[in-house]
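K.L.:
When you get a sec, could you give me coordinates for this:
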Amino acid sequence: MVTTFDELIAPITAEEFFGAYYGQKPLHIPGEADKFSDVMSWDSLNQALAINAFWTKDNLRLFQDIAPVPAEDYCRLVPGLGTRVLQPDPELVKSQMSRGASLVLNSIDTISPGIQAVADLLERTLKGYTQLNLYCSFAGHKAFDSHFDTHEVFALHTEGEKTWNVYEGRLDNPVHHSTFLDLTTEQHMQNRRELLMEVHMTPGDLLYIPRGQYHDALASSFATLHLTFGVILVRGLDLFELMEDEAMADSLFRQDLPRDDGNDGVANLGQRLSDLGDRLKAMVQEPNFLDAVVQLQNRRQGTRGAYDLPERPAAKEIQLKTEGLRVVRRGDTYFLRSEKAGIPIPSGAQDLVSWVLEHPKFLDTEVRALFAHLGEERVEELLAQLQNMDVIGPAA
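P.N.:
From the prediction side, this is the model:
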């Protein structure tokens, strides 16, 4: 099973990848036929599809030569709790596929241990949320026309053979917004420009396509199967929510804006906007804000994991021993305060401390799960510090 980023892109090194390709240009990495056999195969796909209750019209879709197949043509209403729900019918799905329809499974990054391993290593390496789509298509039938994606693409080929066309055209940092999503077919054809590279994908191959780069693919064997891991990184737009939280502590941001009163109102408004701009610039340069952005990147991950049933998970119950404590902020520093004194909280730990103070009893496993982005060692260190200060202790 592929467990590290180095294994995923071998024989290319991480230094080569990030230096010459990542965010810059596409890369085709041929691999041994069994390189991704533990990630997905025909057998594992059939086993997953057999869990019929998991599939919906949204995460199981069909496309017939670019056009989406209406859900009513491959789903039927089945009994549910108090109502009926529209669910894919295996026989109807197979009927559409007999016509050459392509099968697309969306957001299935938790469906198997092999898939989870790849998604996790991409998130750890790139600091971005990873989602997974699966594509099963047949010779001569294309699921999608030439298009770009609003995320980084890592396509892993596992079965059959497929030819990919990657074009010169690449949009400037596209995002999931109508500005980029509502382009016409004519605009797409104009934007994609000339063919940059033609890639013949066989099992074990990986194709990296930067965000915004136009591409399309067509099966060249009877049936093909590939997985597309899309990595969505933290972007400048994502910082507005952090800035709103920070601005809440600043009186100037809470003040009403000057109104246009016909006299000096517009000039006053302009000055206020200038002052707010200066505050924003100072805000994003604070060490606390930098730490918050780092944590945001570390939290940009999916919810995945495995179970070891029937083994009963081990956990320690912890209780709050000191009441009346609260987390307060003074300038750039957070403090753990009682009625008499305050102790500075290490940078980035304020959310964990606040959570602990809100829970009279909790399990150590809960804290590790909720604050995994801090790292297991740091979580253990913070819990130990709180216990040494007699804030928490083993539950009686």
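
K.L.:
what about stretch 261-280, distance to the chain center?
P.N.:
In terms of Cα atoms, centre = their mean, to the nearest Å, the centre of stretch 261-280 is set 38 Å apart from its chain centre.

K.L.:
Can you pull out the residues in contact with it?
P.N.:
With Cβ atoms under 8 Å, 6 or more residues apart in numbering as the test, stretch 261-280 has contacts from 243, 247, 250, 252, 253, 257, 258, 259, 260. C-beta: built from backbone N, CA, C; applies to glycine.

K.L.:
filter those to the buried ones?
P.N.:
Using 16 or more other Cβ atoms under 10 Å as the burial test, the contacts of stretch 261-280 include 243, 247, 258 as buried.

K.L.:
ok, so of those, who is nearest residue 107?
P.N.:
For these, the residue nearest residue 107 by Cβ to Cβ is residue 243; the value is 29.1 Å.

K.L.:
before we move on, the earlier item: would you turn the contacts of stretch 261-280 into JSON lines with distance to residue 303?
P.N.:
Output for the contacts of stretch 261-280, formatted as JSON lines (distance: Cβ to Cβ, whole Å):
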{"residue": "243", "distance to residue 303": "26"}
{"residue": "247", "distance to residue 303": "30"}
{"residue": "250", "distance to residue 303": "34"}
{"residue": "252", "distance to residue 303": "38"}
{"residue": "253", "distance to residue 303": "33"}
{"residue": "257", "distance to residue 303": "40"}
{"residue": "258", "distance to residue 303": "46"}
{"residue": "259", "distance to residue 303": "47"}
{"residue": "260", "distance to residue 303": "49"}
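
K.L.:
For my notes, please list the residues you listed in JSON lines and give pLDDT, distance to residue 388 and secondary structure for each entry.
P.N.:
As requested, those are exported to JSON lines (pLDDT from 0 to 100; distance: Cβ to Cβ, whole Å; DSSP: H, G, I helix; E, B strand; the rest coil):
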{"residue": "243", "pLDDT": "92", "distance to residue 388": "35", "secondary structure": "helix"}
{"residue": "247", "pLDDT": "90", "distance to residue 388": "35", "secondary structure": "helix"}
{"residue": "250", "pLDDT": "89", "distance to residue 388": "34", "secondary structure": "coil"}
{"residue": "252", "pLDDT": "94", "distance to residue 388": "39", "secondary structure": "helix"}
{"residue": "253", "pLDDT": "94", "distance to residue 388": "37", "secondary structure": "helix"}
{"residue": "257", "pLDDT": "92", "distance to residue 388": "48", "secondary structure": "coil"}
{"residue": "258", "pLDDT": "90", "distance to residue 388": "51", "secondary structure": "coil"}
{"residue": "259", "pLDDT": "85", "distance to residue 388": "54", "secondary structure": "coil"}
{"residue": "260", "pLDDT": "81", "distance to residue 388": "57", "secondary structure": "coil"}
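
K.L.:
closest to residue 197 among the residues you listed?
P.N.:
Looking across those and measuring by Cβ to Cβ, the closest to residue 197 is residue 243, at 40.2 Å.

K.L.:
which residues sit in contact with the closest one?
P.N.:
So residue 243 contacts 280, 283, 284 (Cβ under 8 Å, 6+ apart).

K.L.:
my read: the last one touches residue 247, true?
P.N.:
Translated: residue 284. No - contact criterion Cβ atoms under 8 Å: residue 284 and residue 247 do not qualify, at 11.0 Å.

K.L.:
picking up where we left off before, can you add distance to residue 86 and give the buried ones among the contacts of stretch 261-280 back as JSON lines?
P.N.:
Formatted as JSON lines, the buried ones among the contacts of stretch 261-280 follow (distance: Cβ to Cβ, whole Å):
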{"residue": "243", "distance to residue 86": "41"}
{"residue": "247", "distance to residue 86": "44"}
{"residue": "258", "distance to residue 86": "54"}
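
K.L.:
Let me know the closest of these to residue 82.
P.N.:
Proximity of the buried ones among the contacts of stretch 261-280 to residue 82 (Cβ to Cβ) peaks at residue 243, which lies at 43.7 Å.

K.L.:
Model confidence score at the nearest residue to residue 175 once chain neighbours are set aside, please.
P.N.:
Nearest residue to residue 175 in three dimensions, chain neighbours excluded: residue 150, at 5.5 Å (Cβ to Cβ, 6 or more residues apart in numbering). With respect to pLDDT, residue 150 scores 95.

K.L.:
sec struct for residue 17, please.
P.N.:
Recorded secondary structure, residue 17: helix (DSSP: H, G, I helix; E, B strand; the rest coil).

K.L.:
how many other residues sit next to it?
P.N.:
By the criterion of other Cβ atoms under 10 Å, residue 17 has 18 neighbours.

K.L.:
Provide a list of residues in contact with the residue most central in space within the chain.
P.N.:
Residue closest to the mean C-alpha point of the chain, counted by Cα atoms, centre = their mean, is residue 129 at 1.9 Å. In this structure, residue 129 makes contact with 123, 231, 232, 300, 301, 302, judged by Cβ under 8 Å, 6+ apart.

K.L.:
Switch those over to a markdown table; also include pLDDT and distance to residue 239.
P.N.:
Shown next, in a markdown table, are the contacts of residue 129 (pLDDT from 0 to 100; distance: Cβ to Cβ, whole Å):
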| residue | pLDDT | distance to residue 239 |
| --- | --- | --- |
| 123 | 94 | 19 |
| 231 | 96 | 18 |
| 232 | 95 | 15 |
| 300 | 87 | 13 |
| 301 | 86 | 18 |
| 302 | 87 | 21 |
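
K.L.:
Perfect, I'm done here.
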